[in-house]
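1. Here's my sequence, what's the structure:
(2 chains)
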Amino acid sequence: MRLGKRSDQDFAEEIQAHLELETDRLIAGGMTPQDARAAAERAFGNRTAARERFHESQVWMPLEQLVQDCRYAVRSMRRTPGFAIIATLILAIGISVNTAAFSFINAFMFREFPGVVKRDQLAVVLLGRDTRWGRSQPSSVSIADWELLQTGIPAFSGTAAYGMVQLSVRAAGEPQAVRGHLVSAGFFDVLGTRPAAGRLMTAGDDPRTLDQVVVISHGFWQRTFEGRPDVVGQVLTIGTRSFTILGVAPTGFFGLQPGEIVDPDLGAPELWVPLAAAPLLRTESALTDMAAVLEDRWLQVFGRLAPGATLGQAEAQANAVAARLATEYPENRRNAFAELDPGAGGTRNAAEALQGMLFVMVVPAIILLVACANLANQLLARAIERSREIAVRLSLGATRGRVVRQLLVETGLLAIAASVLGVLLARWLLDGLRVWVLAIPFRIPIDASVLAFTLALALATVLLFGLAPALRATRADLGRALKDGAPGSGFRRSRLRSALVVVQIAASLALLAVSSVFVRIAERPPSASLDALADRAMLVSVNLDLLGFDSTTGRAYQRAMLDRLGNLPGVVAAGMAPFAMFDMVGEAPMTESGRDPDEPRYYDLAEVSGAWFDATNLVPLRGRLFTAAEQMTPPSVAVVDEVTAREVWGGSDPIGRTLRIGEDSAATIVTVVGVIPTRQEAAFRAPEGLVVIPGTWRYSPRSYFYLRTSGSAQPMLSAVRQAAREVDPRVPIIWVRTLDAVGAHAVSTLTMLASGLAGLGAVALGLAALGLFGVLSFLVAQRRYEIGIRAALGARRGDVTWMVLKQALRLGAGGVVVGALVAVVVVTLLRSIIHGLQPLDLPMFGGMAAIMVLVAVLASVVPARRAASVDPMEALRAE
Amino acid sequence: MSTQSDDRERLALLQGTLDLLILRTLLLGPEHGQGIARTIQQRSDEAILVEHGSLYPALQRLEAQGLVRGDWGVSGNGRRARFYELTARGRKHLTAEAGRWRAMTAAIGRVLGPALAEG
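-> As a prediction, this is how the structure comes out:
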């Protein structure tokens, strides 16, 4: 602290010496000692000012005052440790939720991805087309596009491509289905990735060996090979082929698409296989028909800008490639254009990133707001308890600014303590999230920018919850406060405090109400027919891709599966479709007869085999289902759902009408024979209409077998899996799940969201209850005098209790009304964004409002009893 | 807090001259604060009245700048007092500042001119 060597004491002595010398001189000049002393003092002027100036010259004042303020703050906290602890906890909860949310955003938007060097130099190349309806949304490319793009952009120091594949891998024991990326040889070079073991493939590798090597993820290495270093050189069977393990990717490496790994259905990639092996591992990649190859747009292309090159140059060069593509493939690439997406972060631009960020941060921000409102309230109460102390300080000449600063330092200390705790809680929250909810292959870091965010948040909260009470406290009328005039003091009707309580109750009620809407959609059975199945249905997921099946052998396998599974004891019906229940089915263009085929409608097309209708318990409303003969021949009939029937044919009977499905030469014409009820999708999608045709039109290597069982499906899962394995041991059974589990899986994100919201709502409710308790206790303390008079004038205990209760009810009701309005607005907004959300359930909302009021009453019990037990004599004497 | 800024303004006006006068006084030999004030007053024929209260912060500042050195000693009439003496740096500073001061007053005199001086 001290800059100079002299003490204040030493300086004071010097002044003293001066005064004595001067007095001596004046006495020598003939003055009386008293006059001399007085004259010396006069000539000196303001002694205190001189000493203050000396003191200030010795220290750096702002720091000195800050240290003083801190010391004072610690002292005053120590006097009320209960408040300090509760306040710190409340704020820590708010800060931790926000810190965790921001860490998440930070990891995927701002930080470098694991194993990727300088992501800001990377740009993704997308191809789109100008059509007569405008520009199409640019998207990923086909292998034919990649061949030209690969060398066509010299502004990139390196260009690479990758595409996602589902692979079945056999290292030891049963085959497992894992996600992998097929990557161009230079993929890791362009990303700048360094291996954790062995080596990674590079552009310099012998192209003849590239279809025989694989790089495995760090996680796969640990799980399947226990991290043994001799893994390099071992052989892995992928599909039906053998691949030599070249090396291990670094910890947490997932490539460039965080969107894939935060999706619980996908997860992080585990294997990287050179693109050269694509024809062995992807059925579509074995196609030779050029039009089909061009429409198979499964590759993401990206490059790293060469030093000195600009994005504009790269984009111009990419567009030159697009123009070449347009001349080369006039049918499929007419008017093609290229677009570059800089940053390669999966988010297309800053505005989108910001939007996503806002969405993620809304709920945490609400929690923090509630926490701040709560603290502001408690601080107001404290400020009022301390109004006398503050008034004394003000009247002794402290400026208002100084006192406000002192109070802000107190709240600042709280905020710092809460931030430290909040960061620890956030760490714990993030690890929990990673382990239990999302398969993120790396630990989400809390780094300097997260800490900076937390610090900024803490400072913001100090201003948010500390400034108003501090200003309020120092505005007090000095005279009145010094007299400690509790009756009629300016704070008795603390509108601000009541408003803060109302805000808290309202925010927590709104959070609970919104979470209840999500809970309801997560719990709702997707349709009446499925509901009637109860737990007597299951699904088996199988993918024949890359296992060497063609459409003939594939169909033979699928028929064998249907046969085998359908004949298992306890299985009533077995059907097959290329989609899992509740998943998106896939649209196809359709035109009813007599309409312009250039303007097709798009409906979901389900191509089903076996007893699919039976297995899913779908019964026709009108008409009939498919006959056995219709299921064996190319599709000539269709069953439509009510939505399609209504939209296409209005009120008239759809049965007997014809539909043209597909485009151009690939189209097929079917006659409607029946109408089924509309599915209520569990996913956030409007029922868009469903058309079901026999599964003899197109072959899909991906198939889901639907089994309806006579009893509970759960005990049969392992028997079914065993039977399915026996049909062909080469084929990995991806999963076998009861229909309930499939449904739960489909809404797992939703369930997570709902329970997260409900949890946060409960936290907010707890905070609100504490806040209400605080405000009522305070009001009772403030009104002691008044209550004393009332008691002295004959008010009964019940009257006094009722008075406090009434206050609680008023605040609770206020919060419920505001909360209801907010909830209605938020739910209405959400319903316009997310399809399938139900409006607020009134009885449920009523129940929650009742709980709020109950909480309000409970929070008033202790203060009311305290009020009722006020002894009139004592209360009046205290004044 | 609000008075502090006023103080600083006043100081800024006085600073240069008061510092210069103090240093010049100390050229005669070590002296304590009261002695410095008295000497300035006498030498200026009582035209300059040094406010004693502002003298000590000025001395403190000069000491912090290393222009003077202060130490406790005993005064002529047997009182304990803090004596100040010029350092080598202070001497150099005084020479430079005094030269600049003379040049400045001469220049100001030239600007004001004889006519005004007569009038």
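
2. Could you pull out the buried residues of the helix or strand containing A:Phe83?
-> A:Phe83 is located in helix A:81-105, with elements delineated by DSSP states H and E. By neighbour count on 16 or more other C-beta atoms under 10 Å in any protein chain shown, the buried set for helix A:81-105 is A:83-84, A:86-105. Glycine gets a C-beta too; all of them are placed from N, C-alpha and C.

3. quick one: the strands in the stretch 301-450 of chain A?
-> A:336-342 (DSSP state E, counting those that start in this stretch).

4. Show me what from it comes close to chain B.
-> Residues of the stretch 301-450 of chain A lying close to chain B (C-beta under 8 Å from any C-beta of the partner chain) are A:Thr399, A:Gly401, A:Arg402.

5. List the contacts of A:Leu176.
-> Careful, residue A:176 is Gln and not Leu. By C-beta atoms under 8 Å, 6 or more residues apart in numbering or on different chains, the contact set of A:Gln176 is A:Ser168, A:Val169, A:Arg170, A:Pro732.

6. pLDDT at it, what is it?
-> According to the prediction, A:Gln176 has pLDDT 77.

7. The one 3 residues further on too?
-> A:Arg179 carries a pLDDT value of 86.

8. Skipping adjacent residues, who's closest to it in space?
-> Nearest non-adjacent residue to A:Arg179, counting by C-beta to C-beta, 6 or more residues apart in numbering or on different chains: A:Pro269, 5.1 Å away.

9. will you turn the residues of the stretch 301-450 of chain A next to chain B into JSON lines that also has pLDDT and distance to A:Leu760?
-> Putting those into JSON lines (pLDDT from 0 to 100; distance: C-beta to C-beta, whole Å) gives the following:
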{"residue": "A:Thr399", "pLDDT": "74", "distance to A:Leu760": "41"}
{"residue": "A:Gly401", "pLDDT": "78", "distance to A:Leu760": "37"}
{"residue": "A:Arg402", "pLDDT": "77", "distance to A:Leu760": "39"}
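
10. Now list the buried members of those.
-> A:Arg402.

11. And the residues of the stretch 301-450 of chain A next to chain B, which is closest to A:Gln9?
-> Nearest to A:Gln9 out of these is A:Arg402 (C-beta to C-beta; 24.8 Å).

12. OK, now which residue of the stretch 151-300 of chain A is nearest to chain B?
-> Closest contact between the stretch 151-300 of chain A and chain B, by C-beta to the nearest C-beta, is at A:Pro258 (52.0 Å).

13. now the stretch 101-250 of chain A
-> With C-beta to the nearest C-beta as the measure, A:Phe102 is the residue of the stretch 101-250 of chain A nearest to chain B, at 37.7 Å.

14. give the contact list for that residue.
-> The neighbours of A:Phe102, taking C-beta under 8 Å, 6+ apart as the test, are A:Met361, A:Val450, A:Phe453, A:Thr454.

15. Spatially, and excluding backbone neighbours, which residue is closest to the second one.
-> Using C-beta to C-beta, 6+ apart and skipping residues adjacent in sequence, the residue nearest A:Val450 is A:Ser103, 4.9 Å away.

16. Wait, that neighbour touches A:Leu429, no?
-> No: A:Ser103 is beyond contact range of A:Leu429, at 9.0 Å (criterion: C-beta atoms under 8 Å).

17. ok, the nearest residue to A:Pro154 once chain neighbours are set aside to A:Gly308 distance?
-> Excluding the flanking residues, the one nearest A:Pro154 by C-beta to C-beta, 6+ apart is A:Gln317, at 6.5 Å. Distance from A:Gln317 to A:Gly308, counting by C-beta to C-beta, to the nearest Å: 14 Å.

18. Neighbour count: these two, which is higher?
-> Counted by other C-beta atoms under 10 Å in any protein chain shown, A:Gln317 and A:Gly308 do not tie: A:Gln317 has more neighbours, with 21 against 7.

19. Give the full set of residues in contact with that one.
-> Here A:Gln317 is in contact with A:Gly152, A:Ile153, A:Pro154, A:Ala155 (C-beta under 8 Å, 6+ apart).

20. Go through the residues you listed and flag which are in helices.
-> With DSSP state H as the criterion, helices contain A:Gly152 from among the contacts of A:Gln317.

21. just the contacts of A:Gln317 now: which is nearest A:Glu331?
-> Nearest to A:Glu331 among these is A:Gly152, at 20.5 Å by C-beta to C-beta.

22. ok, how many other residues are close to that closest one?
-> Per other C-beta under 10 Å, the neighbour tally for A:Gly152 reads 20.
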